[in-house]
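# predicted model and sequence below, questions to follow.
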Amino acid sequence: MQNDRVGLGWRPELAAGIFDALDQVDVLEVIADHYLDAGRRQWQALKLVGRQVPLQIHSIALGLAGAEEVSAKRLDRVARFVNEVGPEAWSEHLAFVRAGNVEIGHLAAPPRTKASVEGAARNLERARAVVGSMPLMENIATLIEPPCSALSEEAWIADIVSASGCGLLLDVHNLYANAVNFGLDPLQFLAELPLSRIGCIHIAGGEWITAPGGEKRYLLDDHLHDVTQPVYDLLSEVAARATQPLTVILERDGAYPPMPALLEELRRTREALAAGRRRQQA
């Protein structure tokens, strides 16, 4: 891969539009959890899609940053899917999704401590051993600062990358949402991340919600709205700082606009990347 790439999250609702616009879609990202219980026919169909455009696999429910050892059964299911479809990369989240056999049903931020760094590194090594490759790990959005944390989010992420050797899936909208919700500087966040370890980037849109009592608003990462200018600006900043080719995936999980509107977002994504690259070369 020599150039920056821009693509979409694969959703059945968008399939017809994607196939009509393959000349404008460089890569597709498939949600693993949507297909783990599917039959081999659907897996084979994804392989056929992969012959036309590169695929990446995105897992949701492994809980690799949880305090508990990741389930071998869950890893086996992901491994079978990844090895059958043959993507160029796969990814997961720096989050926990269960504890004490209770399924949270949400990507939750664990306490950012030395212990959680070590636990994530152990789980990532188990994932690598079972699946055959290390996943890229994604920073998540949270509306609650995890209690008992001793590390900043960016230091915690950097420590996990260092301890495990994993790559980073940088979600720029999640970064932006956490920055505005907790009064952080997103540029300082970027400065403390190992940007050379970025293997993929997510962008998305969100919605402002009001906390109970109406005293504060929070930006919710819901993947149901258009990407906003601050997210494009942060993407340009990443492109100005990172030297490796970047792959950017536009996530949309509902309230789908007409395909031309999504293609316009891809165009703006390419413009943001190009603007950052020009700054880098200046």
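Cool, the structure landed.
# tell me, how many residues neighbour Ala115?
For Ala115, the tally of surrounding residues (other C-beta atoms under 10 Å) stands at 12. In short, each C-beta sits where N, CA and C put it, glycine included.
# would you list the phi and psi of the closest residue in space to Ser149 that isn't next to it in sequence?
The shortest distance from Ser149 to any non-neighbouring residue, by C-beta to C-beta, 6 or more residues apart in numbering, is to Arg112 (4.0 Å). Backbone torsions for Arg112, taken as degrees, to the nearest 10, come to phi -90, psi 90.
# surely Arg112 meets Pro146?
Yes: here Arg112 reaches Pro146: they are 6.1 Å apart, a contact under C-beta atoms under 8 Å.
# now do the strands in the stretch 101-250 of the chain.
In the stretch 101-250 of the chain, the strands defined using DSSP state E, counting those that start in this stretch lie at 102-108, 136-138, 168-171, 198-203, 207-210, 217-220, 247-250.
# distance check, Asn3 against Glu103.
Here the criterion is C-beta to C-beta, to the nearest Å. By it, Asn3 lies 41 Å from Glu103.
# so in the chain, where's the weakest helix or strand by average pLDDT?
For the chain, using mean pLDDT, DSSP states H and E, the weakest element among its helices and strands is strand 102-108, scoring a mean of 84.
# name the residues that touch that one?
Where contact means C-beta atoms under 8 Å, 6 or more residues apart in numbering, the residues beyond strand 102-108 that reach it are 60, 93, 95-98, 140, 142, 146.
# what's the single longest helix in this structure?
helix 259-281 (DSSP state H).
# let me know the angle separating it from strand 198-203.
Note on geometry: by axes from the mean of the first three to the mean of the last three C-alpha atoms, to 10 degrees, helix 259-281 and strand 198-203 are set 130 degrees apart in direction.
# which residues touch helix 259-281?
Applying C-beta under 8 Å, 6+ apart, the external contacts of helix 259-281 come out as 4, 6-8, 14, 17-18, 20-21, 24-25, 203, 226-227, 232-233, 235-241, 243, 246, 248, 250, 252, 256.
# just stretch 112-123 next, same as before
Counting by C-beta under 8 Å, 6+ apart, 62, 64-67, 69-70, 94, 110, 137, 146, 148-153, 155-156, 159-160, 163-164 sit against stretch 112-123.
# shaky segments in the stretch 51-200 of the chain?
Counting by pLDDT under 70, the stretch 51-200 of the chain shows no low-confidence range.
# let me see the ranges of the helices in it.
In the stretch 51-200 of the chain, the segments counted as helices under DSSP state H, counting those that start in this stretch are 72-85, 114-131, 153-164, 172-182, 186-191.
# could you check which of Arg112 and Pro146 is surrounded by more residues?
The residue with the greater number of neighbours, taking Arg112 and Pro146 and applying other C-beta under 10 Å, is Arg112; the counts read 23 against 16.
# please report how far the residue lying closest to Thr228 once chain neighbours are set aside lies from Leu28.
Beyond its immediate neighbours in the sequence, the residue positioned closest to Thr228 (C-beta to C-beta, 6+ apart) is Gly205, lying 6.4 Å away. In this structure, Gly205 lies at 19 Å from Leu28, with C-beta to C-beta as the measure.
# neighbour count winner among those two?
Ranked by neighbour count (other C-beta under 10 Å), Gly205 and Leu28 place Leu28 first, with 23 against 20.
# the more buried one pairs with what?
Leu8, Leu55 (DSSP bridges).
# I'd guessed Asp4 sits against Val238; true?
No: between Asp4 and Val238 there is no contact under C-beta under 8 Å: 10.5 Å.
# so what's in contact with these two at the same time?
By C-beta under 8 Å, 6+ apart, the residues touching both Asp4 and Val238 are Leu246.
# pull out the buried members of the contacts of helix 259-281.
Among these, those scoring as buried are 4, 6-8, 14, 17-18, 21, 24-25, 203, 226-227, 232, 235-241, 246, 248, 250, 252 (criterion: 16 or more other C-beta atoms under 10 Å).
# quick one: strands adjacent to the least confident helix or strand of the chain?
For strand 102-108, the paired strands and their directions (DSSP bridges) are strand 96-99 (antiparallel).
# show me which positions of the partner strand end up buried.
Taking 16+ other C-beta under 10 Å as the criterion, strand 96-99 shows 96-98 as buried.
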